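Participant: sequence unavailable; structure follows:
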């Protein structure tokens, strides 16, 4: 490349441009605009009903935004607005408590093992079926992902026999197996007890240290890892605040977000909040 040639920057991991989603006759997401770059660990925080789940559905191609014109591209992932769903899964791994439940419901009497569910991440299915060919590279990828999340011992355990914490590790391994560019985590600690939750968050830190971009959707401020330095606040389907963690997670901002007196506390790179109206 010559000295006078400037290389174009890579496209954002996720880019929303005036994205609006209508459901039940009302806007559940209203004119959302923001970009997240690869390597930019980000938390999306807000109260129940703020639009977090709708944002997940939008990114996951379960919902589609309104198009304001022929050239409108309200949402792009890695510079593209058109994706094959299975190809998208290889670039953006998604983990949620709802996905945990769907595996339990879908497994029925099939008694699928942890390893089988991890391998199924390459196909975007709820298990391995006769028409699907598992290559040696897939098997090796699944084993690497199980080892990364400390779940190798769960490879032969059936999903219905696992604790909630064990099953969540399997879901993380499943999302990691195809080696995606980023992980999108939707309320990932729902249903975990105190110890399992702490172990889970420590595992996420390890994944972030290894270079995988983390997008954490939550309403628990204390779950925002030290590696996450950007926070987007959602309120009533709109971006309420967006910026560096220390600037966004303030007492005034969270009091306005939740409509209550909230006190934010900070210890190093960890934040917590309490509702003073409840005392």
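Facilitator: Alright, I've got the coordinates. All values reported here derive from a predicted model rather than from experimental measurement.
Participant: could you point out which element follows the one helix or strand in the chain whose mean pLDDT sits lowest?
Facilitator: Using mean pLDDT, DSSP states H and E, helix 97-107 stands out as the lowest-scoring helix or strand of the chain, at a mean of 60. Per DSSP states H and E, the first helix or strand lying C-terminal to helix 97-107 is helix 114-119.
Participant: so which residue is dead centre in this protein?
Facilitator: residue 184 (1.8 Å; C-alpha atoms, centre = their mean).
Participant: report the beta-bridge partners for that residue.
Facilitator: Taking DSSP bridges as the rule, residue 184 bridges to residue 94, residue 215.
Participant: my read is that it contacts residue 55, right?
Facilitator: No: at 9.6 Å, residue 184 does not count as touching residue 55 under the criterion of C-beta atoms under 8 Å. For glycine as for every other residue, the C-beta is placed from the backbone atoms N, C-alpha and C.
Participant: what do these two both touch?
Facilitator: Counting by C-beta atoms under 8 Å, 6 or more residues apart in numbering, the contacts common to residue 184 and residue 55 are residue 217.
Participant: so who does the nearest residue to residue 154 once chain neighbours are set aside touch?
Facilitator: Spatial nearest neighbour of residue 154, excluding adjacent residues (C-beta to C-beta, 6 or more residues apart in numbering): residue 114 at 4.1 Å. By C-beta under 8 Å, 6+ apart, residue 114 lies in contact with 146, 151, 154-159, 162, 166, 170, 173.
Participant: mind listing the helices for this protein?
Facilitator: For the chain, helices defined by DSSP state H occupy the ranges 52-59, 85-91, 97-107, 114-119, 136-148, 164-176, 194-209, 245-248, 251-258.
Participant: weakest of those in terms of mean pLDDT?
Facilitator: Among these, helix 97-107 carries the lowest mean pLDDT, a mean of 60.
Participant: quick check, pLDDT for residue 68.
Facilitator: Confidence at residue 68, expressed as pLDDT, is 51.
Participant: nearest spatial neighbour of residue 251, skipping sequence neighbours?
Facilitator: Nearest to residue 251 is residue 264, by C-beta to C-beta, 6+ apart, at 4.7 Å.
Participant: distance of the residue nearest to the centre of the chain from residue 216?
Facilitator: For residue 184, the distance to residue 216 (C-beta to C-beta, to the nearest Å) stands at 8 Å.
Participant: what touches both of the two?
Facilitator: Counting by C-beta under 8 Å, 6+ apart, residue 184 and residue 216 have no shared contacts at all.
Participant: measure the closest residue to residue 12 other than its chain neighbours to residue 175 for me?
Facilitator: Of all residues not flanking residue 12 in the chain, residue 35 sits nearest, at 4.2 Å (C-beta to C-beta, 6+ apart). Distance, residue 35 to residue 175, by C-beta to C-beta: 22 Å.
Participant: higher neighbour count, those two?
Facilitator: Remark: of residue 35 and residue 175, residue 175 carries more neighbours, 25 against 13, as counted by other C-beta atoms under 10 Å.
Participant: so what's the residue lying closest to that one once chain neighbours are set aside up against?
Facilitator: Closest residue to residue 175 apart from its sequence neighbours, by C-beta to C-beta, 6+ apart: residue 93 at 2.9 Å. By C-beta under 8 Å, 6+ apart, the contact set of residue 93 is 121, 174-176, 178, 180, 182-184.
Participant: if we can go back for a sec, check what pLDDT the residue nearest to residue 12 gets.
Facilitator: At residue 35, pLDDT is 95.
Participant: residues near residue 235, how many?
Facilitator: Per other C-beta under 10 Å, the neighbour tally for residue 235 reads 17.
Participant: and the gap between it and residue 156?
Facilitator: Separation of residue 235 from residue 156 (C-beta to C-beta): 46 Å.
Participant: likewise for residue 233?
Facilitator: Counting by C-beta to C-beta, the separation of residue 233 from residue 156 is 43 Å.
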